[in-house]
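Enquirer: sharing a sequence plus its predicted fold:
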Amino acid sequence: MTDDAYLTLPIDVESATGLARQGLRMSLLDTDDAAAFASWLGAVGRGFQDGRATPEVVEARRVTAGQRRNSGVWDETLLDPATPVATVAGWPSQLSVPGHLSLGAWAVSAVTVSPTHRRRGVAGALIEAELRTAQALGLPVVALTVSEATIYSRWGFAPAAMAADWTIDTSRVTWTGPMVPGRVQFVEADRLVTEGAELVERVRLATPGQMSFDGVLWERLIGRGVGLEEQAKSLRFIRYADEHGVPQGFAVYKVLEETRTTVARAVVELHYLVSATDDAYAALWRFLIELDLVGEIRAPLRSIDEPVYWQVDDARAVVKHDEREHLWIRILDVPAMLTGRRYHTPGHFVLDVSDPLMYAAGRFLLTVQADGTAVVSELEGDIPGDTAAVALTVNELGSIYLGGVSASTLFRAGRIQELTPGAAAVLDRTFHAATTPWLSIWF
Ligand SMILES: CC(=O)SCCNC(=O)CCNC(=O)[C@H](O)C(C)(C)COP(=O)(O)OP(=O)(O)OC[C@H]1O[C@@H](n2cnc3c(N)ncnc32)[C@H](O)[C@@H]1OP(=O)(O)O
């Protein structure tokens, strides 16, 4: 299959046929058709309760949307039959997994169903079509970020990486972390377009749960692109280079002027901070914490385990809040996923996986070798004597996969069954990831 086969693979027949029975037409969107794309994007915006995009923004989005497989569902009986009643976009991406490795993943976004057509199975038809498309493309996992935590588990998705917002009362803290060599300097966004994108990709493998983000997502993050001009005006960019002059980190932030008061306690909103080394992390956080006239840093969508908590003298001034699930994954190919990552402790495990949609169902024997690599085979018959065995659904397998969610916790919650006593704790030791899984973007 060619690299761009995903763009031309025919629409999923099963879902299209099911929707046709309701008088609805499901098909791929042709992004060369500017009017059709404008209607499709309008439906996405309406679905997420956003305002209307300007013609310039629509045109800019059309150019980049050509890299995605965009589908829609149309109802020809409507007064406005050109605007789809449902939308979805999918594209091949990469998911970082423990062991500094990355696996092909099908990213899904822009799932909307018009309020006029809700709760009659339209979203279900679209999601199931995305799962079949990903499988047809040979991708072992589907990934998404969600608007609500109640929607996707019915299709086998589960939270695999968490995120949290952090607030630091900088008026109360003194930096006690390392004083590192190298320099922090202000730079312009232009420099980050290439240097930053390269760094983000280089760093990505160090943290399980990160998705590769194409140039467009990165450019948006640094305020580049049509429609972001206003936001870009207030962004500041800093870059850390090590003692050899090699760039090892960037931060993008904005000072919120409206919160400025007579006591000069402005708020810094941290849009992104990426560091390839611990020195870069320390240098950038120290710079932000020591900014004059600033009393608070708000850092949304960070890891739930931030070293900065341990790098100031008053830990109570560093508050983690709104901890939540962020990356959801749906495993399609269990052997490909299990052999695609590295593990801590060798051993033999049986995973009895159930999956109502049958992609991942089976009894798998996972053998982790001394070098952390794994061999997986389907197990016919009984559980061998020396194995730790659990029964779980594809959802729980997705949650423990990256090593950020504990099998013991899920066992205690009644969501994993131990087929051999103590198996969940054994599984924890093997699946645990040294770096807490984290996804730093929305997609
Ligand atoms: C990856 C992303 O893009 S995340 C973004 C998701 N989109 C949004 O939040 C936009 C606003 N919401 C919507 O557009 C729609 O309500 C959607 C897409 C969430 C659901 O579309 P629908 O066509 O109504 O869903 P559908 O009828 O296929 O429902 C399938 C099942 O999910 C359930 N469901 C659907 N939406 C929700 C919800 N918001 N909360 C809880 N359950 C839901 C339905 O009750 C149904 O359950 P059942 O199978 O037990 O009967």
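Expert: It's in. Numbering: from 1, shown residues only.
Enquirer: give me the nearest residue to the closest residue to the ligand within the stretch 301-443 of the chain, chain neighbours excluded.
Expert: Taking C-beta to the nearest ligand atom as the measure, the stretch 301-443 of the chain has residue 328 as its residue closest to the ligand, at 8.1 Å. (Glycine included, C-beta is placed from N, CA and C.) Computed as C-beta to C-beta, 6 or more residues apart in numbering, the closest residue to residue 328 that is not its neighbour in sequence is residue 157, at 4.4 Å.
Enquirer: residues contacting residue 160?
Expert: Counting by C-beta atoms under 8 Å, 6 or more residues apart in numbering, residue 160 makes contact with 209, 327, 328, 329, 398, 399, 401, 402, 404, 405, 437.
Enquirer: doesn't residue 126 fall inside a helix?
Expert: Yes: assigned with DSSP: H, G, I helix; E, B strand; the rest coil, residue 126 falls within a helix.
Enquirer: A helix includes the residue of the stretch 301-443 of the chain closest to the ligand, no?
Expert: No: under three-state DSSP, residue 328 falls outside any helix and is assigned strand.
Enquirer: still on that earlier bit, output the contacts of residue 160 as a markdown table; include the columns pLDDT.
Expert: What follows is the contacts of residue 160, written out as a markdown table (pLDDT from 0 to 100):
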| residue | pLDDT |
| --- | --- |
| 209 | 98 |
| 327 | 98 |
| 328 | 98 |
| 329 | 98 |
| 398 | 98 |
| 399 | 98 |
| 401 | 98 |
| 402 | 98 |
| 404 | 96 |
| 405 | 97 |
| 437 | 98 |
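Enquirer: need the residues you listed in TSV (columns: secondary structure).
Expert: Shown next, in TSV, are these (three-state DSSP):
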residue	secondary structure
209	coil
327	strand
328	strand
329	strand
398	helix
399	helix
401	helix
402	coil
404	coil
405	coil
437	coil
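Enquirer: what subset of the residues you listed is buried?
Expert: Buried members of those, scored by 16 or more other C-beta atoms under 10 Å, are 209, 327, 328, 329, 398, 399, 401, 402, 404, 405, 437.
Enquirer: dig out what the fourth one forms beta bridges with.
Expert: Listed by DSSP bridges, the beta-bridge partners for residue 329 are residue 143, residue 158.
Enquirer: you'd agree it is up against residue 142?
Expert: Yes: applying C-beta atoms under 8 Å, one finds residue 329 in contact with residue 142, separated by 7.0 Å.
Enquirer: shared neighbours of the two, anything?
Expert: Common neighbours of residue 329 and residue 142 (C-beta under 8 Å, 6+ apart) are 105, 157.
Enquirer: touching the ligand at all, stretch 55-75?
Expert: No: Stretch 55-75 lies out of reach of the ligand by C-beta under 6 Å from any ligand atom, never closer than 9.3 Å.
Enquirer: may I see the buried residues of that stretch?
Expert: 57-58, 60-62, 64-65, 67-75.
Enquirer: for those residues, which one is nearest the ligand?
Expert: residue 73 (9.3 Å).
Enquirer: list the contacts of stretch 194-205.
Expert: Here stretch 194-205 makes contact (C-beta under 8 Å, 6+ apart) with 94, 96, 100-102, 210, 212-213, 215, 218, 222, 239, 247-250, 274-276.
Enquirer: in PDB, list the C-alpha atoms belonging to the lowest-mean-pLDDT helix or strand in the chain.
Expert: Counting by mean pLDDT, DSSP states H and E, the chain has its least confident helix or strand at helix 215-221, which shows a mean of 83. Only the C-alpha atoms of helix 215-221 are listed here, as PDB (Å, rounded to 0.1, in the frame of the first residue of the first chain):
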ATOM      1  CA  GLY A 215       4.100  21.100  10.900                       C
ATOM      2  CA  VAL A 216       0.700  22.600  11.000                       C
ATOM      3  CA  LEU A 217       0.000  21.700  14.600                       C
ATOM      4  CA  TRP A 218       3.300  23.100  15.600                       C
ATOM      5  CA  GLU A 219       2.900  26.300  13.700                       C
ATOM      6  CA  ARG A 220      -0.500  26.800  15.300                       C
ATOM      7  CA  LEU A 221       1.000  26.300  18.700                       C
END
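Enquirer: now for it, which elements pack on it?
Expert: With contacts taken as 3 or more C-beta pairs under 8 Å, 6 or more residues apart in numbering; DSSP states H and E, helix 215-221 sits against helix 189-204.
Enquirer: among the contacts of stretch 194-205, which are located in helices?
Expert: Among the contacts of stretch 194-205, the members falling in helices (DSSP state H) are 215, 218.
Enquirer: please pick the buried ones from the contacts of stretch 194-205.
Expert: Buried among the contacts of stretch 194-205 by 16+ other C-beta under 10 Å: 94, 96, 102, 210, 212-213, 218, 222, 239, 247-250, 274-276.
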